[in-house]
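> the sequence and its predicted three-dimensional model are supplied below.
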Amino acid sequence: MDFHRNVFYYYRGPIKDKSPIDQQLENNTTKALVNVLENCSAALTEQFLNWLGVNSASQKIHFELQRGTIGERRIQRAKNKLLLGIVGGPSADVPLSSESPEGQSLPDAWIYGDDVVILVESKFGPRLDVKQRALHMKLLGVDAEERRVTWQEVHEFFNGMQGLAGVDRFLVQQFTRYLEYVGMATNRAVTEELFDFLLNPEDAEGKRWVRETMRALAKMVADGLDPSLQVNVGNIQREPGGWYSCWVTLSGSEHASTEAHITIDLWPYELDISANVDTATIRRLFKGLEKAPEAFRAMLANLEGFDMTVHDRKPSKPRKFEYVPVMKFRSGPYIADETSFNHLVYLLKSLQKLIAAARQLEPVVRFVNEHA
């Protein structure tokens with residue numbers, strides 16, 4: 001998948017400074033927003049203005065980019081004047097100084113008509129520069145209002161539009177996806193592009209996009225279970241079969257492996273959700289089976305459509321493991337059969353004995369290999 005197939009994505013030129021915020025990207029994102037509003041229908045632009053709380057009777061809305069002013073007379077005669085700050089995330093308000101700032105203002109964009117003037121300043125960081133805000137407000141006049149929104153909120157506004165068709169639909173879809181690509185918004189929807197990317201995940205920005213989408217998806221699940229759950233996203237990794245995957249865990253601990261937890265796995269061919277009991281917590285499962293086997297059996301009986309799989313974890317590389325399935329059971333009502341459940345418990349206990357025996361034999365294997 002190539003992000004440059006998106007009509008708003010672009011090839012970046014060299015960056016002179018080492019600022020963590022890419023000004024080229026900021027400017028291009030503002031330009032993308034203006035391109036959408038300028039080339040879509042007047043009805044769509046009207047909806048955007050209404051969303052901002054601006055009512056306009058203007059017959060035509062105009063747009064400018066990177067322009068110092070649209071004329072003092074035009075600004076002052078407008079009934080509705082707004083400084084619109086679009087930022088990368090929520091932040092606390094910083095009051096403006098009562099002193100008049102020195103210097104000139106260079107807005108990122110203007111949106112204006114006969115009775116409305118909106119000065120747009122955008123940032124990828126969490127807030128606008130205080131002096132820059134003051135200069136913008138000085139340019140608009142003392143009767144101007146100020147509003148700040150995030151790029152995520154802009155994304156949600158466009159993503160929630162219904163009944164779009166033709167050019168409107170195409171540009172809005174391209175713009176919302178662009179915001180996801182550049183990390184200014186996340187989409188909790190699992191799209192075909194996510195699966196396709198894992199077939200050949202070479203692009204660094206694409207990897208970040210997949211991980212942030214998985215984080216947003218897991219956060220949505222956590223909010224439905226327990227908002228205090230910790231969400232931890234793993235790196236995109238190559239699996240022994242040659243394909244790639246990305247996982248995210250939801251747990252009550254910062255380190256998910258220290259307790260049973262929920263895992264969501266994205267593969268090129270499917271999305272899995274599972275309850276994981278790792279090596280460090282397998283003893284808790286055995287204790288639970290000894291104390292309350294019927295309770296565990298009842299839970300399995302209610303898990304219609306789920307599988308229970310036991311894996312043998314084998315080291316493949318330093319700090320890397322290969323998980324080999326040892327046994328697999330289909331959960332659901334049939335597990336309520338006493339014979340089936342007893343067989344499951346027997347295999348689990350047998351596996352525990354097998355692991356214990358393997359640990360006893362490991363020194364013998366190591367001794368022989370060391371004297372090869």
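Looks like it came in fine.

> going forward, measure contacts and count neighbours with C-alpha atoms only.
Noted.

> can you tell me the SS state at the closest residue in space to Glu239 that isn't next to it in sequence?
Excluding its sequence neighbours, the residue lying closest to Glu239 (CA to CA, 6 or more residues apart in numbering) is Ser245, at 7.0 Å. Using DSSP: H, G, I helix; E, B strand; the rest coil, the structure places Ser245 in strand.

> tally of neighbours for Gly252?
Gly252 has 16 neighbouring residues, counting by other CA atoms under 10 Å.

> who's in contact with it?
Ser228, Leu229, Gln230, Glu259, His261 (CA atoms under 8 Å, 6 or more residues apart in numbering).

> just the buried residues out of the residues you listed, in ChimeraX syntax.
Of the contacts of Gly252, the buried ones can be selected in ChimeraX as follows, counting by 16 or more other CA atoms under 10 Å:
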select :229,230,259,261
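
> below-threshold pLDDT in the stretch 51-200 of the chain: ranges please.
Low-confidence segments of the stretch 51-200 of the chain, defined by pLDDT under 70, span residues 91-101, 188.

> try it again at 80.
Scanning the stretch 51-200 of the chain for pLDDT under 80 picks out 89-103, 187-191.

> and the strands in it?
62-65, 80-87, 109-112, 116-122, 145-150 (DSSP state E, counting those that start in this stretch).

> domains of this structure?
For the chain, automatic domain parsing gives the domain ranges 3-176, 205-276, 277-372.

> buried stuff in the helix or strand hosting Gly206?
In this assignment (DSSP states H and E), Gly206 forms part of helix 204-225. Residues of helix 204-225 classed as buried by neighbour count (16+ other CA under 10 Å): 206-219, 221-222.

> one more: stretch 186-205?
Neighbour counts over stretch 186-205 (16+ other CA under 10 Å) mark Thr186, Asn187, Arg188, Leu194, Phe195, Phe197, Leu198, Leu199, Pro201 as buried.

> check the offset of the helix holding Gly206 from the chain's centre.
Taking CA atoms, centre = their mean, to the nearest Å, one finds helix 204-225 lying 4 Å from the centre of the chain it belongs to.

> would you check that Lys314 makes contact with Thr279?
No - taking contacts as CA atoms under 8 Å, Lys314 lies outside contact range of Thr279: 11.4 Å.

> more crowded one of the two?
Between Lys314 and Thr279, Thr279 has the larger neighbour count (other CA under 10 Å), namely 14 against 11.

> can you tell me how far that one is from Phe321?
According to CA to CA, to the nearest Å, Thr279 stands 12 Å off from Phe321.

> try Leu271
When CA to CA is applied, the distance between Leu271 and Phe321 equals 21 Å.

> can you check Asp108 too?
Counting by CA to CA, the gap from Asp108 to Phe321 is 50 Å.

> who has more neighbours, those two?
A direct count of neighbours by other CA under 10 Å for Asp108 and Phe321 places Asp108 higher, at 21 against 14.

> now do the contacts for that one.
Per CA under 8 Å, 6+ apart, neighbours of Asp108: Asn27, Thr30, Leu65, Gln66, Arg67, Leu119, Val120, Glu121, Ser122.

> let's see 6 Å
Contact analysis of Asp108 by CA atoms under 6 Å, 6 or more residues apart in numbering lists Leu65, Gln66, Val120, Glu121.

> give me the buried subset of the residues you listed.
Leu65, Val120, Glu121.

> nearest residue to the first one in space, please, no chain neighbours.
Going back to what we said before, that points to Leu65. Of all residues not flanking Leu65 in the chain, Ala109 sits nearest, at 4.3 Å (CA to CA, 6+ apart).

> next one: the one you found from Phe63, what distance?
7 Å.

> more neighbours, the two?
The neighbour comparison of Ala109 against Phe63 (other CA under 10 Å) goes to Ala109, with 24 against 15.

> report the beta-bridge partners for that one.
Beta bridges link Ala109 to Leu65, Val120 when assigned by DSSP bridges.

> show me what contacts it?
Shown in contact with Ala109 (CA under 6 Å, 6+ apart): Glu64, Leu65, Gln66, Val120.

> and the residues you listed, which is closest to Gly305?
Gly305 lies nearest to Val120 out of the contacts of Ala109, by CA to CA, at 51.4 Å.

> run the chain-centre distance for stretch 277-291.
Computed by CA atoms, centre = their mean, the chain-centroid distance of stretch 277-291 equals 33 Å.

> now tell me what touches it from outside.
Identification of contacts with stretch 277-291 by CA under 6 Å, 6+ apart yields Glu259, Ala260.

> gap between the nearest residue to Ser41 once chain neighbours are set aside and Phe63?
Leaving aside its sequence neighbours, Ser41 sits nearest to Asp168 (CA to CA, 6+ apart; 6.7 Å). Going from Asp168 to Phe63 by CA to CA gives 17 Å.

> same thing with Pro293?
69 Å.

> same check, this time on Lys287
Look at Lys287 and Phe63: by CA to CA, they are 68 Å apart.
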